[in-house]
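Undergrad: Predicted coordinates and the sequence they were generated for:
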Amino acid sequence: MKKHFYAMMSRMKNIYRWGLMRNTRNENLSEHSLEVAFIAHALAVINNVRLGGNVSPEKTAVSGMYHDTTEIITGDMPTPIKYYNCTIKKAYKDIEKVAEQRLLDNLPDDFKAEFTKIYNPDANIARLVKAADKISALIKCIEESNMGNREFAVAEISTRKAISELDCPEANIFIEEFLDSFSLSLDELN
């Protein structure tokens, strides 16, 4: 029987983020997921090297790659709507679970156990991916601000606050050491 999982994954490039915001450059779900994977990997390395942890950077990166794939089915729900109240937040979580199951159903049976682990990582990996997701959003806000787009000013403030509230030392270290570079031109990076 033919399975459609990877063809569905290829649709990530058609899902655009920040739909309610005026963007100077559109960001699709594929781009976002790769950036989250890079950052999640870095957070796991920070956890291990700087904080004496023992988290798999590779598993963390893979979890970051797949963290929003349910949006292939649900679309990108804007944050102000998704978290408007507890009822909407719970309903959206339920919808995400149905979408996740639909994706898993598009895998061969012998793949499902591996992918179930990716979609349901341990708490430490999930914590780092969540932080990476927020940092990726912050980077988008910074990029838009650098292009003169004030549309993201409030989002940047609320995203910085959300990252701070995570109480994630790995995120704090990443921000301290790497975030300022996202405001530099290519010439300045070289």
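TA: Arrived safely, thanks for sending.

Undergrad: What lies in contact with stretch 71-90?
TA: 8-9, 11-12, 15-20, 29, 68, 92, 95-96, 99, 102-103 (Cβ atoms under 8 Å, 6 or more residues apart in numbering). Backbone N, C-alpha and C define where each C-beta goes, glycine included.

Undergrad: Which of these fall in helices?
TA: Applying DSSP state H to the contacts of stretch 71-90, the entries found in helices are 8, 9, 29, 92, 95, 96, 99, 102, 103.

Undergrad: List only those of those flagged as buried.
TA: 9, 29, 92, 96, 99, 103 (16 or more other Cβ atoms under 10 Å).

Undergrad: dump the residue contacts of the first one.
TA: What that stands for is residue 9. Residue 9 makes contact with 69, 72, according to Cβ under 8 Å, 6+ apart.

Undergrad: where does it sit relative to residue 51, distance-wise?
TA: As judged by Cβ to Cβ, to the nearest Å, residue 9 and residue 51 stand 32 Å apart.

Undergrad: list the buried ones in the top helix by length along the chain?
TA: When the chain is scanned for its longest helix (criterion: DSSP H), the result is helix 123-146. Within helix 123-146, the residues scored as buried using 16+ other Cβ under 10 Å are 124-125, 127-145.

Undergrad: Counting by contacts, list what the helix or strand just after it packs against.
TA: Scanning forward in sequence from helix 123-146 by DSSP states H and E, the next helix or strand is helix 153-165. Applying 3 or more Cβ pairs under 8 Å, 6 or more residues apart in numbering; DSSP states H and E, we find helix 153-165 packed against helix 123-146.

Undergrad: Now do the longest helix of the chain against helix 153-165: the angle between them, please.
TA: Helix 123-146 and helix 153-165 are oriented at 150 degrees to each other (axes from the mean of the first three to the mean of the last three Cα atoms, to 10 degrees).

Undergrad: Which strands and helices lie in contact with helix 123-146?
TA: So helix 123-146, by 3+ Cβ pairs under 8 Å, 6+ apart, packs with helix 29-49, helix 57-66, helix 153-165, helix 169-178.

Undergrad: If you rank every helix and strand of the protein by mean pLDDT, what lands last?
TA: helix 79-82 (a mean of 74; mean pLDDT, DSSP states H and E).

Undergrad: biggest separation within the buried ones among the ones in helices among the contacts of stretch 71-90, which pair?
TA: Within those, two members stand farthest from each other by Cβ to Cβ: 9 and 92, at 21.1 Å.
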